[in-house]
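Engineer: Return atomic coordinates for the entry below.
(chains A, B, C and D)
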Number of protein chains: 2
Amino acid sequence: MRITRDSVASLANVSSATVSRVYNAPDSVSADLRQRVFEAAETLGYSPNCLAASLRRKGTGTLAFVEFNKTGRPYYWGNFPSFDWFFGRSLRGVQQVIGQSSWQLRFYNVRTKEDMQALQKQCDGILSYDVDMSEELALFEDISIPYVLSHHLHESTQGLCVRTDNRYGGVLQGNYLRDKGCVRPLYITGFIESVMPHAERLEGFLSVYPEARVLHTSIGAATSITSILPQIEQILSSDHIDGIAAVNDLTLFDVLMRLPLDMPAVGYDASPFSALLGAKAASVDIQCGQLYQKATQKLLLLLSGQQEESSTIQPRLVIGSAGM
Amino acid sequence: MRITRDSVASLANVSSATVSRVYNAPDSVSADLRQRVFEAAETLGYSPNCLAASLRRKGTGTLAFVEFNKTGRPYYWGNFPSFDWFFGRSLRGVQQVIGQSSWQLRFYNVRTKEDMQALQKQCDGILSYDVDMSEELALFEDISIPYVLSHHLHESTQGLCVRTDNRYGGVLQGNYLRDKGCVRPLYITGFIESVMPHAERLEGFLSVYPEARVLHTSIGAATSITSILPQIEQILSSDHIDGIAAVNDLTLFDVLMRLPLDMPAVGYDASPFSALLGAKAASVDIQCGQLYQKATQKLLLLLSGQQEESSTIQPRLVIGSAGM
DNA sequence: CTGTTAGCGCGTTCAC
DNA sequence: GTGAACGCGCTAACAG
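Structural biologist: Okay, here's the model as predicted:
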């Protein structure tokens, strides 16, 4: 025999509606009755059936975790299976918040506006994974259910965002090298025009080192690291480089693995790779777990009728073993 | 206005029960009516409300993805944040299967039998993440809902398992070195007694190289890599080692990063690290995505009343860029 | 503040 | 084969 609201109600000698209120609007019930209901629930081992609740609320009880189709791009980090760690870490953030609630999670891959419309009928709220282009933003135009956008978003973005501050991340990279006494750093990047976060990181870095030597590459797409190694070596010596930064760990470590450099180095992403290099390289941690945790919290608040505002999670500099 | 079973029924000129049957037992409805129902559903854009369905079925419509509390162990790989990639990759497997179904996923952290009992009332099936000790196995003793165990499980384990063959993984490592012409390999491992998968991998390796030099360490816990480097160097030279294998990538790469060895090397896990070393090191891929995909499939089949049997996913040798 | 009542959308008996 | 009717466990009016 299953324990329902009614079992609790009869044991506590209250109406079933009161039990319901105790769980949904505790303040509207007198402390006395509330106590009695809790006790009855406790002894019976009652827990509300969130299915029935959602059904009655005409909701779905479901949050959608949506990813966007990024195929066909010249460069997209998420395409590297290596970045499963990022997916996992983000999801851990979501999980932490959702685990405490009665919400469930469903995964979706979305490509078109039609997909989004269909999605809208199947969930109560949308959690987006890595919205980073205006085309993706446009998908949210006609969405009338609560949603929150993450994580590579510009400040000017409309809609509720939880974003990372890529520019500040660049500043952190610069500050790190400066603290290490570097005077003439090399900054390796790529896809500046098409990948906004890269541009922002560089901008931040340049705000610390306006005169930095910047190398634009296509690593990760057309170019392999080996083909530009000679160029890098040449720059290193001819420009008297004394520190190195890169738009991401993958690029930085690609270089460090091949050129035994004895100078401060800082990457971006706090990827698991960091564990290997130990103190030899610093990195900037987006803190995606925390970011997606925040995003989920905001979504839940939105769903409970609260007004929420966009916020930014500041990245953090990590050195060495952080990834272990 | 929402589209329900009744909307479809009236448009198709059938009873709502028939619509219901079309979706749940299509064979019990005449082809004629079935067709009419499908057409009506199509034009209305109807999709069944799985909440109401689950409610009526007295189920929850939810699958639990449970992780076990591994704190307090001398060694547990999952404790390294680096292994978020593993979590992510596994979840992608789950997601692929679940995305096609009407099931939802909830995350749980479980520690005691009481936790499991509570869990049992909140979901219809349990998907376990990395059950690897008998204590965890014991948690499933009194579970009466369908569940599937993954992934470091011994062949003799009771209950429905989808496991990886760690012994065979060790064989793959051995074969790789043999193909490279190695005669006297060094195998680095640790926690053999407490971590069964490690023991199995070693056993597999030794079946190929019975005379292999085996080094037992505590890397990852008490010992840091640097403290045993001298020992490794000594073994390498005194024993004329011509190939190196390790129980996992982390250990192997820790060594390779510090000792510039010119000999074949093979790790385990196909971690993102592989991307960095390129062809310099091979690794064994557990294929966790595929593994958890299979586990989820089996769970769904179980839930639909089918009889399922345990199965094993064979690991695969990967070289170099696999992780990119 | 509390109880009564009417559904949410669906699966499933039971007659026909 | 098919349809009518009931109720899964709960929330949200509405009275009192």
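
Engineer: Which one of the residues in chain A is closest to chain B?
Structural biologist: A:G88 (2.8 Å; C-beta to the nearest C-beta). Every C-beta, even on glycine, is put in place using the N, C-alpha and C of the backbone.

Engineer: Can you tell me the closest non-neighbouring residue to that residue?
Structural biologist: Computed as C-beta to C-beta, 6 or more residues apart in numbering or on different chains, the closest residue to A:G88 that is not its neighbour in sequence is B:G88, at 2.8 Å.

Engineer: quick one: the one you found and A:L91 touch, right?
Structural biologist: Yes: at 6.6 Å, B:G88 and A:L91 qualify as touching, with contact defined as C-beta atoms under 8 Å.

Engineer: any common contacting residues for these two?
Structural biologist: Common contact partners of B:G88 and A:L91 (C-beta atoms under 8 Å, 6 or more residues apart in numbering or on different chains): none.

Engineer: In contact with the residue of chain A closest to chain B: list those residues for me.
Structural biologist: Taking C-beta under 8 Å, 6+ apart, one finds B:D84, B:W85, B:F86, B:F87, B:G88, B:R89, B:L91 in contact with A:G88.

Engineer: What of A:V22?
Structural biologist: If you count contacts by C-beta under 8 Å, 6+ apart, then A:V22 has A:V29, A:L33, A:R34, A:V37, A:F38 around it.

Engineer: ditto for A:D239
Structural biologist: A:D239 neighbours (C-beta under 8 Å, 6+ apart): A:R184, A:L186, A:R213.

Engineer: Report the separation between it and A:V214.
Structural biologist: Separation of A:D239 from A:V214 (C-beta to C-beta, to the nearest Å) stands at 11 Å.

Engineer: residues shared between the contacts of those two?
Structural biologist: A:L186.

Engineer: thinking again about what came up before, looking at the contacts of A:V22, state which has the most neighbours.
Structural biologist: A:V37 (26 neighbours; other C-beta atoms under 10 Å in any protein chain shown).

Engineer: Run through the strands of the stretch 51-200 of chain A in chain order.
Structural biologist: A:62-68, A:104-110, A:125-129, A:147-151, A:161-164, A:185-190 (DSSP state E, counting those that start in this stretch).

Engineer: Next up, the contacts around A:V29.
Structural biologist: Applying C-beta under 8 Å, 6+ apart, the residues contacting A:V29 are A:T18, A:R21, A:V22, A:V37.

Engineer: Is the helix or strand encompassing the second one in proximity to DNA strand C?
Structural biologist: According to DSSP states H and E, A:R21 maps onto helix A:16-24. Yes: applying C-beta under 7 Å from any atom of the strand, one finds that helix A:16-24 is in contact with DNA strand C at A:S16, A:A17, A:T18, A:R21.

Engineer: List, one by one, the residues from chain A near DNA strand D.
Structural biologist: Going by C-beta under 7 Å from any atom of the strand, the residues of chain A near DNA strand D are A:2, A:4-6, A:16-17, A:20, A:23-24, A:48-49, A:52-53, A:55-57.

Engineer: again, only using 10 Å
Structural biologist: A:1-9, A:15-25, A:28, A:41, A:46-59, A:102 (C-beta under 10 Å from any atom of the strand).

Engineer: From the residues you listed, which land in helices?
Structural biologist: A:5-9, A:16-24, A:41, A:50-56 (DSSP state H).

Engineer: what's near enough to touch the closest residue to DNA strand D within the stretch 101-250 of chain A?
Structural biologist: Closest to DNA strand D within the stretch 101-250 of chain A is A:S102: 8.6 Å, counting by C-beta to the nearest atom of the strand. A:S102 makes contact with A:P48, A:C50, A:A53, A:G61, according to C-beta under 8 Å, 6+ apart.

Engineer: and A:R111, how many neighbours does it have?
Structural biologist: The burial count for A:R111: 13, using other C-beta under 10 Å.

Engineer: Show me what the helix or strand bottoming out on mean pLDDT in chain A is packed against.
Structural biologist: In chain A, no helix or strand scores lower on mean pLDDT, DSSP states H and E than helix A:274-277, which sits at a mean of 74. Other helices and strands packing on helix A:274-277, by 3 or more C-beta pairs under 8 Å, 6 or more residues apart in numbering or on different chains; DSSP states H and E, are helix A:249-258, helix B:249-258.

Engineer: Go again with 7 Å.
Structural biologist: Counting contacts by 3 or more C-beta pairs under 7 Å, 6 or more residues apart in numbering or on different chains; DSSP states H and E, helix A:274-277 is packed against helix A:249-258.

Engineer: what is the rounded mean pLDDT of the helix it packs on?
Structural biologist: On average, the pLDDT along helix A:249-258 is 87.

Engineer: these two touch, right, A:F273 and A:D249?
Structural biologist: Yes: A:F273 lies in contact with A:D249 (C-beta atoms under 7 Å); the separation is 5.1 Å.

Engineer: neighbour-wise, which of these two wins?
Structural biologist: When neighbours are counted by other C-beta under 10 Å, A:F273 and A:D249 differ, and A:F273 comes out ahead with 29 against 26.

Engineer: picking up where we left off before, most neighbours of all the contacts of A:D239, which one?
Structural biologist: Top of those by neighbour count (other C-beta under 10 Å): A:L186, with 25 neighbours.

Engineer: Around chain B, pick out the residues from the stretch 1-150 of chain A.
Structural biologist: Counting by C-beta under 7 Å from any C-beta of the partner chain, the residues of the stretch 1-150 of chain A close to chain B are A:47, A:51-52, A:54-55, A:60-62, A:80-82, A:84-85, A:87-89, A:91-92, A:95, A:98-99, A:104-108.

Engineer: Any of the residues you listed buried? List them.
Structural biologist: Neighbour-count burial (16 or more other C-beta atoms under 10 Å in any protein chain shown) applied to the residues of the stretch 1-150 of chain A next to chain B gives A:51-52, A:54-55, A:60-62, A:81-82, A:84-85, A:87-89, A:91-92, A:95, A:98, A:104-108.

Engineer: still on that earlier bit, which of the ones in helices among the residues of chain A next to DNA strand D are buried? Put it as a ChimeraX command.
Structural biologist: Selection of buried members from those for ChimeraX, criterion 16+ other C-beta under 10 Å:
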select /A:5,7,8,9,18,19,20,21,22,23,41,50,51,52,53,54,55
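
Engineer: Identify the residues contacting A:I3.
Structural biologist: Shown in contact with A:I3 (C-beta atoms under 7 Å, 6 or more residues apart in numbering or on different chains): A:L44, A:G45, A:Y46.

Engineer: Which residues lie in contact with the closest residue to A:A64 other than its chain neighbours in this structure?
Structural biologist: In space, and not counting its chain neighbours, A:A64 is closest to A:C123: 4.1 Å by C-beta to C-beta, 6+ apart. If you count contacts by C-beta under 7 Å, 6+ apart, A:C123 has them with A:T60, A:T62, A:L63, A:A64, A:R106.

Engineer: The last one contacts A:G61, doesn't it?
Structural biologist: Translated: A:R106. No: A:R106 is beyond contact range of A:G61, at 10.2 Å (criterion: C-beta under 7 Å).

Engineer: Any regions of the stretch 201-324 of chain A where pLDDT drops low?
Structural biologist: A:221-222, A:321-324 (pLDDT under 70).

Engineer: Mind telling me which residue of it is nearest DNA strand D?
Structural biologist: Taking C-beta to the nearest atom of the strand, DNA strand D has its nearest neighbour within the stretch 201-324 of chain A at A:G305, 10.4 Å off.

Engineer: helix, strand or coil for that residue?
Structural biologist: Look at A:G305: counting by DSSP: H, G, I helix; E, B strand; the rest coil, its state is coil.

Engineer: list the contacts for it?
Structural biologist: Applying C-beta under 7 Å, 6+ apart, no residues contact A:G305.

Engineer: quick revisit: which of the contacts of A:V29 sit farthest apart?
Structural biologist: Comparing all pairs in the contacts of A:V29 by C-beta to C-beta, the longest separation belongs to A:R21 and A:V37, at 8.7 Å.

Engineer: what's the closest non-adjacent residue to the residue in the stretch 101-250 of chain A positioned nearest to DNA strand C?
Structural biologist: Taking C-beta to the nearest atom of the strand as the measure, the point where the stretch 101-250 of chain A comes nearest DNA strand C is A:K121, at 11.0 Å. Distances taken as C-beta to C-beta, 6+ apart place B:S47 nearest to A:K121, at 7.4 Å, with adjacent residues excluded.
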